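Participant: show me how the following folds:
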Amino acid sequence: MRKFFIVFVVAITLYSTAPGEESVIGLMFAFPEEGELLKQKLELTDSVKLAERIFYSGRLAGHQIVLVESGVGLVAAAMTTQLLIDQFKPENILFSGICGAVSSEYRIGDIAVPYKWIIHDFGVYDSSGFRLAQNQDKRFIYYAADPNLLSLAGESAKQNLGFHKIDSRIPAIRFSKIGSSGNSFIDQAQKRQWLKGVGIEIVDMESGAVVQVANANLVPVLVIRSCSDLAGGSGSSTALKELEEFFKVATENSAIFLVEILKRIK
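Facilitator: All right, here's what the predicted structure looks like:
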């Protein structure tokens with residue numbers, strides 16, 4: 001036990017930010033294409049490969065940045081987030097990417113900024129079917145976005161951001177009550193209705209895990225997601241076809257909004 005304690009202390013010392021050293025902001029995305037615009041804007045200074053993830057260091061919007069692709073799914077996202085925190089000690093974490101719209105208020109291209117996140121396939125199957133996991137107070141288990149970063153997102157949303165249009169429409173920015181993540185791509189009307197029934201507004205495959213890990217480490221976190229599809233709810237097209245059509249526009253708009261928020265972090 002004593003040997004383990006000594007090694008642990010040494011590891012903390014190695015990766016702690018030195019006094020007077022500039023703090024780091026972590027930027028994350030799931031698919032390679034989701035990070036293209038951020039990579040283009042990043043003034044790259046270094047990179048390191050850890051557990052098959054490449055962490056890019058550089059400057060963006062006046063900040064020292066570490067940019068990393070999380071990989072797809074909850075396990076990959078959780079692993080990468082913990083690596084980012086352990087190795088680089090980020091002061092904040094921002095996640096950019098696409099999502100499926102669940103709420104009928106959302107249209108393809110709209111930007112979602114959820115206040116809290118839930119894992120929609122974390123729960124119990126019994127004779128009555130599936131139900132979401134609950135805490136001791138019989139409430140669903142949520143993970144929260146940082147209030148200060150949410151406030152900065154609100155300020156950023158008032159700006160003319162130059163979003164790419166979807167057809168002739170400029171995407172709206174919506175602050176969601178509940179975002180959700182799970183290990184499946186949702187392209188089914190019945191599943192979408194179930195998600196709507198528990199108050200979920202958007203769905204993806206990574207963000208809930210990122211926010212959960214950040215909360216556990218007391219690192220402020222915010223997720224920005226752009227709706228690339230309607231999660232099987234359009235009636236005239238599948239989510240996969242919508243994703244293929246609107247993926248690039250949605251990813252770039254999400255990154256544009258992330259950079260505007262980044263500019264406002266002091």
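Participant: which positions within the top helix by length along the chain qualify as buried?
Facilitator: Secondary structure assigned by DSSP state H gives helix 239-264 as the longest helix of the chain. Of the residues in helix 239-264, those scored as buried under the neighbour-count criterion (16 or more other CB atoms under 10 Å) are 239, 242-243, 246-262. (C-beta placed from N, C-alpha, C; glycine too.)
Participant: go on, stretch 72-83?
Facilitator: In stretch 72-83, the ones that count as buried by 16+ other CB under 10 Å are Gly73, Leu74, Ala76, Ala77, Ala78, Met79, Thr80, Thr81, Gln82, Leu83.
Participant: now those as JSON lines including secondary structure, distance to Leu67 and pLDDT?
Facilitator: Conversion of the buried residues of stretch 72-83 to JSON lines gives the following (DSSP: H, G, I helix; E, B strand; the rest coil; distance: CB to CB, whole Å; pLDDT from 0 to 100):
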{"residue": "Gly73", "secondary structure": "coil", "distance to Leu67": "20", "pLDDT": "96"}
{"residue": "Leu74", "secondary structure": "helix", "distance to Leu67": "21", "pLDDT": "97"}
{"residue": "Ala76", "secondary structure": "helix", "distance to Leu67": "16", "pLDDT": "97"}
{"residue": "Ala77", "secondary structure": "helix", "distance to Leu67": "15", "pLDDT": "97"}
{"residue": "Ala78", "secondary structure": "helix", "distance to Leu67": "18", "pLDDT": "98"}
{"residue": "Met79", "secondary structure": "helix", "distance to Leu67": "17", "pLDDT": "97"}
{"residue": "Thr80", "secondary structure": "helix", "distance to Leu67": "11", "pLDDT": "98"}
{"residue": "Thr81", "secondary structure": "helix", "distance to Leu67": "13", "pLDDT": "98"}
{"residue": "Gln82", "secondary structure": "helix", "distance to Leu67": "17", "pLDDT": "98"}
{"residue": "Leu83", "secondary structure": "helix", "distance to Leu67": "13", "pLDDT": "97"}
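Participant: what's the closest of these to Ala144?
Facilitator: Here the nearest of those to Ala144, counting by CB to CB, is Thr81; it sits at 15.1 Å.
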